[in-house]
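1. Coordinates only, no sequence provided:
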């Protein structure tokens, strides 16, 4: 961690990690809606609450920031899950034929 601070790379690491975290949540929302419907919204809520709470509790700037990004992405995904349901109704994404 001293290496990142010494060479002023913390911001770059945070930006790359933020990009990857958002990239992880995109397929999680799509697959979550496909397999479980919008009933899995509470998983994102719990992830968000735990992540934000941990972000507040942790003093280290890098880890606190990444946990906050994870929490914000979790909360954002709740809305995206319901939007994904609308996108499936419009036919933009496939509907799971096995799910009622």
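-> All right, it came through fine. The model shown is predicted, which means the values in this text are computed figures rather than measured ones. Numbers count the residues shown, from 1 in each chain.
2. Pass me the low-pLDDT residue ranges in the protein, would you?
-> For the chain, residues meeting the criterion pLDDT under 70 lie at 100.
3. Now name the helix or strand holding residue 48.
-> Assigned by DSSP states H and E, residue 48 belongs to helix 41-57.
4. Would you mind listing the buried residues in that helix?
-> Judged by neighbour count using 16 or more other Cβ atoms under 10 Å, the buried positions of helix 41-57 are 41, 43, 44, 47, 48, 51, 52, 55. For the C-beta atoms, the positions are set from N, CA and C on the backbone; glycine is no exception.
5. do stretch 73-85 as well
-> With the criterion 16+ other Cβ under 10 Å, stretch 73-85 contains buried residues 73, 74, 77, 78, 80, 81, 84.
6. how far does that stretch sit from the chain's center?
-> Distance of stretch 73-85 from its chain centroid, counting by Cα atoms, centre = their mean, to the nearest Å, is 9 Å.
7. How about residues contacting that stretch?
-> For stretch 73-85, contacts defined as Cβ atoms under 8 Å, 6 or more residues apart in numbering pick out 21-22, 25, 28-30, 32-33, 37-38, 40-41, 44-45, 47-48, 51, 93.
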